[in-house]
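Student: Fold the stuff below for me.
(chains A, B, C and D)
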4 protein chains.
Amino acid sequence: MRYLSAGESHGPALTVVIDGFPSNVTIRKEKIDEQLRRRQQGYGRGYRQQIESDEVQVTSGIRFGKTLGTPITLVVQNRDFKNWSEKMAPFGDKPENLREIYRPRPGHADLAGAIKYDHEDIRNVLERASARNTATLVAAGALARQLLEHFGIQVAAHVVELCDVKAAQFPDTLEELEARANASPVRCADEAAAEQMMARIDEAKAAGDTVGGIFEVIVRGCPIGLGSYAQPDRKLDGRLAAALMSIQAIKGVEIGLGFEAARRMGSKVHDPILYSGTRYVRSHNGAGGLEGGVTNGEDIVIRAAMKPISTLYNPLPSVNMKTKEVEPAAIERSDICALPAASVVGENVVAWVIADAFLEKFAGDSLEQIEDAFQAYQARVSQR
Amino acid sequence: MRYLSAGESHGPALTVVIDGFPSNVTIRKEKIDEQLRRRQQGYGRGYRQQIESDEVQVTSGIRFGKTLGTPITLVVQNRDFKNWSEKMAPFGDKPENLREIYRPRPGHADLAGAIKYDHEDIRNVLERASARNTATLVAAGALARQLLEHFGIQVAAHVVELCDVKAAQFPDTLEELEARANASPVRCADEAAAEQMMARIDEAKAAGDTVGGIFEVIVRGCPIGLGSYAQPDRKLDGRLAAALMSIQAIKGVEIGLGFEAARRMGSKVHDPILYSGTRYVRSHNGAGGLEGGVTNGEDIVIRAAMKPISTLYNPLPSVNMKTKEVEPAAIERSDICALPAASVVGENVVAWVIADAFLEKFAGDSLEQIEDAFQAYQARVSQR
Amino acid sequence: MRYLSAGESHGPALTVVIDGFPSNVTIRKEKIDEQLRRRQQGYGRGYRQQIESDEVQVTSGIRFGKTLGTPITLVVQNRDFKNWSEKMAPFGDKPENLREIYRPRPGHADLAGAIKYDHEDIRNVLERASARNTATLVAAGALARQLLEHFGIQVAAHVVELCDVKAAQFPDTLEELEARANASPVRCADEAAAEQMMARIDEAKAAGDTVGGIFEVIVRGCPIGLGSYAQPDRKLDGRLAAALMSIQAIKGVEIGLGFEAARRMGSKVHDPILYSGTRYVRSHNGAGGLEGGVTNGEDIVIRAAMKPISTLYNPLPSVNMKTKEVEPAAIERSDICALPAASVVGENVVAWVIADAFLEKFAGDSLEQIEDAFQAYQARVSQR
Amino acid sequence: MRYLSAGESHGPALTVVIDGFPSNVTIRKEKIDEQLRRRQQGYGRGYRQQIESDEVQVTSGIRFGKTLGTPITLVVQNRDFKNWSEKMAPFGDKPENLREIYRPRPGHADLAGAIKYDHEDIRNVLERASARNTATLVAAGALARQLLEHFGIQVAAHVVELCDVKAAQFPDTLEELEARANASPVRCADEAAAEQMMARIDEAKAAGDTVGGIFEVIVRGCPIGLGSYAQPDRKLDGRLAAALMSIQAIKGVEIGLGFEAARRMGSKVHDPILYSGTRYVRSHNGAGGLEGGVTNGEDIVIRAAMKPISTLYNPLPSVNMKTKEVEPAAIERSDICALPAASVVGENVVAWVIADAFLEKFAGDSLEQIEDAFQAYQARVSQR
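Tutor: Below you'll find the predicted structure:
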């Protein structure tokens, strides 16, 4: 599978074209819209998420609720475009009163992007660099997980740290974890911590400041053998790291014990191998489901660190690129905290990568063919 | 640029073919061999590194010390192959007395790989999954950095944590940092910490255990504008994360403040923008040189967490895949600690990614053409 | 550059997302619409081309008539979708009276596609396999040629054979050739031949039959050095052949003398090299502008053979895939001859490939940067 | 699958690294060497083919005659390198008496390559642009066909035209065709035509001239459904055209009726569909096995036109690039006719593309897994 996403934050629409998705997979539009909705929620979001409600339009590749095996086009209209149609017009003259942006925001692509692409108006940069584009990634991921679900693969995410507040209590089951995260305004399964997290968001808001944090994505039910150690760019850990690090504001990624693994002796890190009578099992999962860049049948566990939102209502010093005068950075409508949303993005981005690796192993143009290949492989696995 | 690497750890040779490297770049073989040598060193390495001394052979793409613009083949012979020529023969029958491996080592690709590729003898997995292949990545990176050097881009790495020991003192200049790291048996610039690190390695060795740690790679001198926010897979932070996470035993990657950024308020994370009179500068570098997936002209700072080596001389429990009996994991000749080597691999892998992004921006089939494009761009940058 | 195209022939819309197009290129919407219009014309087209008039919508990547360097989304609405909205609905139930297609048409993807993707209703195949998708290729090519024009590179096409009628008279200049082709209902520059060609179309129509033919694409003004012999997949001749052969109904491609080159002695094929005082020139152009897979500065000349349209109003025998009974092939609304349109598609597809190769050599994120690189290279070329 | 090939014609060795080849495929070295040998034969070859005899070395990816699923490195030593070790040395100084080449040969990459890569000595171009590299393509193809053979897919080629001589008589069976082609010094199955072809080669040789011609590749036994119409770059016809057109000296490619299809009415081109009782069959094969870019179960038939060798012993006019004086083109050791060899290259290049498309459809990391997927699909096909 491959995709190309497109769209400016205040342009007419976001679009993603997906090529290589198999035929005959049942797709429910509501499941895509549900993911889009989850991405728009969370404590600490700004005004935009309240006025807009994203919805997917499918303009190719699906007929009567089943995929055709042909490229799938997912479109998310920017409902606010009616207020931007002159300022973001594809053709025609610049409006006379256009407010251009010359003061790059620290932490954003503004400065580097304006120089790279030779733009005077930084809006030409920030419109695309904006996390708004994650709506396309969520839509693509929401499609991918409908394929994964068919094969019993689940993906969930929850917030584990927000600023200096750490979640400490975790439920025993993935279902419970997911339920609690979904019920929490900060997508944190530890209710007490969640309260403190919201307090921290309130403090940041009061100070014109912002906060980030850490979320964790869990994938359950992957067959053994996705990814490969044969060539560096085929390692699944590297591919997952790339996908998560490419989400706006992510500055760190770790798998399983992650950085903690570096601080322990090997005997406290690696997961002894046992045999249950029907399959190989582990007494713990320090590897986070990946050994040698390949899934080992345990849960994939991966965490991402999100820096605080870069747009501060109490802005940091910047420079006017026209005049070179020191001025405060520009303010673009923004959130105080987008960590809960980022966890939803992370979930869906991971779903995409897993589905992609799944299709590499089981190929198949139709769901039927994939099903055959998958069952045959699982039968072989059970013999080992 | 693209490459394909190949080779089993005890096969005849490791090979990497590099396509898209420009013509007329001066390449010194000694500089490649120097990187290969650095990769083999470090306190805590096993026997193999003492008996072998890697050296590159160039069988295409370079003539009289200059690149031709055609694919470059770098070969590293496995000098120990003479002892493995029967056990690893490409053709012919299996030797009668061949010792096959059935007990997968926790932490390695052994179990997942044997099932994925349907191998009985786990040697068929571990030979390729082995970190031995990093020699090809180092050779490719050593080539890339000779291009980068021409454009004033430096890459350095040092160890910042080893097991529970943290380096605390860092020199003021990159040159000094590099010199001290190169002089240290654990590639750590803090001498006092280095002593403790070596003690920890000795303890692990005595216990039949292993240790990992964290290294940091720094890239200085990158032009503004490498990478892009236009499409997720073009973000340079994601590409760097993938490259580092794909190195054997790496379980975490962070850029700039990394996970620490998630724990601070935004005003303590983002880097105010100033103008020096000739260029934009920052008062600090929390972003680690990357904003929006694009280089911003500051040092790129990226850290990777390495888990301890998976092969324990005091092995963890495993299962004999033939009999399903619980047995201790197999022992394959290995190191107690390969962190210093991993930092050299990281350095060279990062150099490759940077050179690749550099060539995307400045293209050019010949060094002369790249030089023209680079100078013209830098002249434009100085006007912004 | 890369693109993904999408869309069913009677679905809501066709979409193409283009990634990697540089910033600051002036794009005129009329120039894209002009190419779309040209694709819909030509003697021998069916009813659909008369009722629909394609027009591009840009939903990303362009602002105030200039590219942003971000992905460009081009959408062509299917105006006839209002009549197909139930039959081609992405979601919801199949209409009760849906006419499904079970009789594959010889020459189409129908049979192979239905089996490959496990579809019962052949409409699920033909909607995407349809040449309707060439509208996206034309739109993408129309964008590419606006970049090429900036650098003085022209692309033109004309029909040289239609069924058994060959054009014999060609004007001396490319401008005249283009003008005459544009003025001809069969896009043939030889007026007498054009008359005969139209007669042949009329005959085919009367017989419920179809015709194809051969068109030629000419690219003038390419710099020396696009493409590469370094790796097979970088050869520009191979890439052009792939692009043309991938157009619906194309069964042959030749460059320069093409098949005729195979029938002559070498001394009658290869083009002697002369020096004009300012540049290398050739006394003829048997190579068609490409030697070793690289542009040599002469016109690129490439021809493609189009088979007759596969849908016959007097249908060939087929088999009902439900019943296995012999029945005449299905009839889908179609043209008698689409060769003139195919020549326009070929023109634009070639423009895309050339622009892609151009950007590989001159890279650059902005038009300004490309301009610098191009001028510097041309200055070097003039010294050789 | 993917590969990167490398190597200069007179460098130490040619190398190809192949990634993505499945595990547990039995590979016989003799079968690779046999293809290499076939590539070196044919009436009209020069001195080099007589003194060298290519042989493959496998330095990774195969153990005890079975693939490991890891990258496979195939090396072909240039036995003549001993005479070129100073002139083609990767490192060290240029020999004082080095004969550099300044007179580009019409028809070769010489001129365009020297300018593109900024080389003074044209040897830096011709060494890689040389058809010598086809040895790597043949070796890779020879590997691919051992996979195809396992699934009953055969690939054969024969010469159908040489200069102005056309083969007229063809045997009825593929086996007979192959046997006769293999027995013929010009790889032509029509013995009478073969005699004339050899005469034409003798005439060319006497005149210091060269000849080319046309060969045909046939693939029998492909399952229905390789390739796809979903996206232009996935069409198998386009991919085959690219692969063949990228072979040195190929200037035209056609599939099935090819250019002839353009000259007939549709009813004389398309292949009626019948049902045999067990499968769909055709009364003829004008489509050459590909409809909509997808295999339809009939033989794939594809022809390529080779121009005459560009190096003429009676050289065409050229220009000394140092002095700009008109001088005869340089002479590099060469053949009079390499068409028989090209047909072998074509055969193997086609085998690679087919195997690649096969693995896309049946994926699978191991032969066992592919076998499962293939059998399950064929069972489904038999129900349609």
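
Student: tell me which residues of the host helix or strand of residue A:360 are tucked away?
Tutor: Here residue A:360 sits within helix A:339-362, counting by DSSP states H and E. Buried residues in helix A:339-362, counted by 16 or more other Cβ atoms under 10 Å in any protein chain shown: A:339-362. Every C-beta, even on glycine, is put in place using the N, C-alpha and C of the backbone.

Student: Quick check: which helices or strands does it pack against?
Tutor: helix A:29-40, helix A:134-150, strand A:154-162, strand A:213-220, helix A:236-245, strand A:300-306, helix A:367-383 (3 or more Cβ pairs under 8 Å, 6 or more residues apart in numbering or on different chains; DSSP states H and E).

Student: shaky segments in chain A?
Tutor: Along chain A, the parts satisfying pLDDT under 70 run over A:47-51.

Student: Tell me the residues of it that contact chain D?
Tutor: When proximity is defined as Cβ under 8 Å from any Cβ of the partner chain, chain A approaches chain D at A:19-20, A:69-71, A:225, A:228, A:230-231, A:234, A:359-365, A:368-369, A:372-373, A:376-377, A:380.

Student: Only whichever of the residues you listed are buried, select them in PyMOL.
Tutor: With 16+ other Cβ under 10 Å as the burial test, the buried ones among the residues of chain A next to chain D are selected in PyMOL as follows:
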select buried, chain A and resi 19+20+69+70+71+225+228+230+231+234+359+360+361+362+363+364+365+368+369+372+373+376+377
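
Student: Format the helices and strands packed on helix A:339-362 as JSON lines; extra columns: distance to chain B.
Tutor: Putting those into JSON lines (distance: least, Cβ to the nearest Cβ, whole Å) gives the following:
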{"stretch": "helix A:29-40", "distance to chain B": "15"}
{"stretch": "helix A:134-150", "distance to chain B": "7"}
{"stretch": "strand A:154-162", "distance to chain B": "6"}
{"stretch": "strand A:213-220", "distance to chain B": "5"}
{"stretch": "helix A:236-245", "distance to chain B": "3"}
{"stretch": "strand A:300-306", "distance to chain B": "4"}
{"stretch": "helix A:367-383", "distance to chain B": "6"}
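
Student: Could you say which one of these comes nearest to residue A:269?
Tutor: Closest to residue A:269 of those, according to Cβ to Cβ: strand A:300-306, at 13.8 Å.

Student: What separation is there between residue A:53 and residue A:5?
Tutor: With distances taken as Cβ to Cβ, to the nearest Å, residue A:53 is found 20 Å from residue A:5.

Student: picking that back up, the inter-axis angle of the helix holding residue A:360 versus strand A:213-220?
Tutor: 30 degrees (axes from the mean of the first three to the mean of the last three Cα atoms, to 10 degrees).

Student: Excluding covalently adjacent residues, which one is nearest to the residue of the stretch 251-384 of chain A found nearest chain D?
Tutor: The minimum distance from the stretch 251-384 of chain A to chain D, using Cβ to the nearest Cβ, falls at residue A:363 (3.1 Å). The shortest distance from residue A:363 to any non-neighbouring residue, by Cβ to Cβ, 6 or more residues apart in numbering or on different chains, is to residue D:363 (3.1 Å).

Student: With residue A:122 instead?
Tutor: residue A:101 (4.0 Å).

Student: Residue A:182 now?
Tutor: Residue A:182's closest residue in space is residue A:38 (Cβ to Cβ, 6+ apart), at 7.8 Å.

Student: try residue A:170
Tutor: Going by Cβ to Cβ, 6+ apart, residue A:170 has residue A:189 as its nearest residue, at 5.9 Å.

Student: Isn't that neighbour up against residue A:173?
Tutor: No. Using Cβ atoms under 8 Å, residue A:189 is not in contact with residue A:173; the gap is 10.8 Å.

Student: Mind checking which of those two has more residues around it?
Tutor: Between residue A:189 and residue A:173, counted using other Cβ atoms under 10 Å in any protein chain shown, residue A:189 has the larger neighbour count: 24 against 9.

Student: what's near enough to touch the closest residue to chain B within the stretch 101-250 of chain A?
Tutor: Minimum separation of the stretch 101-250 of chain A from chain B (Cβ to the nearest Cβ) falls at residue A:109, amounting to 2.3 Å. By Cβ atoms under 8 Å, 6 or more residues apart in numbering or on different chains, the contact set of residue A:109 is A:125, A:126, A:129, B:229, B:291, B:292, B:293, B:294.

Student: and the second one, how many neighbours does it have?
Tutor: By that I understand residue A:126. Using other Cβ under 10 Å: residue A:126 sits among 27 other residues.

Student: Taking the stretch 251-384 of chain A, what residue is nearest to chain C?
Tutor: residue A:366 (3.8 Å).

Student: how about the nearest residue to that residue once chain neighbours are set aside, what does it touch?
Tutor: Closest residue in space to residue A:366, ignoring its immediate chain neighbours: residue C:118 at 3.8 Å, by Cβ to Cβ, 6+ apart. By Cβ under 8 Å, 6+ apart, residue C:118 lies in contact with A:23, A:24, A:365, A:366, A:367, A:368, A:369, D:380.

Student: now swap in residue A:270 and tell me
Tutor: Applying Cβ under 8 Å, 6+ apart to residue A:270 gives the contacts A:286, A:287, B:105, B:106, B:107, B:307, B:308, B:310, B:312, B:316.

Student: same question, residue A:230
Tutor: B:128, D:19, D:20, D:69, D:70, D:71.

Student: Am I right that it sits in a strand?
Tutor: No. Counting by DSSP: H, G, I helix; E, B strand; the rest coil, residue A:230 is not found in a strand; it is coil.

Student: What separation do you get for it and chain C?
Tutor: Taking Cβ to the nearest Cβ, to the nearest Å as the measure, residue A:230 falls 20 Å from chain C.

Student: same thing with residue A:114?
Tutor: Computed as Cβ to the nearest Cβ, the residue A:114 to chain C distance reads 10 Å.

Student: Hmm, residue A:180 and residue A:171 touching each other?
Tutor: Yes. Contact status for residue A:171 versus residue A:180: in contact at 6.1 Å, counting by Cβ under 8 Å.

Student: quick one: common contacting residues for these two?
Tutor: Between them, residue A:171 and residue A:180 share the contacting residues residue A:189, judged by Cβ under 8 Å, 6+ apart.

Student: what about those two, which has more around it?
Tutor: Set residue A:171 next to residue A:180 and count neighbours by other Cβ under 10 Å: residue A:180 wins out with 19 against 15.

Student: now the end-to-end length of stretch A:79-95.
Tutor: Stretch A:79-95 has an end-to-end distance of 21 Å (criterion: Cα to Cα, to the nearest Å).

Student: wait, does it contact chain C?
Tutor: Yes. Counting by Cβ under 8 Å from any Cβ, chain C is contacted by stretch A:79-95 at A:88, A:89, A:90, A:91, A:92, A:93, A:94.

Student: who's in contact with that stretch?
Tutor: With Cβ under 8 Å, 6+ apart as the test, stretch A:79-95 has contacts from A:8, A:10-13, A:48, A:51-53, A:78, A:98, A:123, A:127, C:29, C:58-59, C:62-65.

Student: Count the residues that sit near residue A:170.
Tutor: Neighbour tally, residue A:170, other Cβ under 10 Å: 14.

Student: Touching, it and residue A:188? I think so.
Tutor: No. Using Cβ under 8 Å, residue A:170 makes no contact with residue A:188, being 10.0 Å away.

Student: give the contact list for the closest residue to residue A:33 other than its chain neighbours.
Tutor: Closest residue to residue A:33 apart from its sequence neighbours, by Cβ to Cβ, 6+ apart: residue A:55 at 5.5 Å. Residue A:55 sits next to A:33, A:36, A:76, A:77 when contact means Cβ under 8 Å, 6+ apart.
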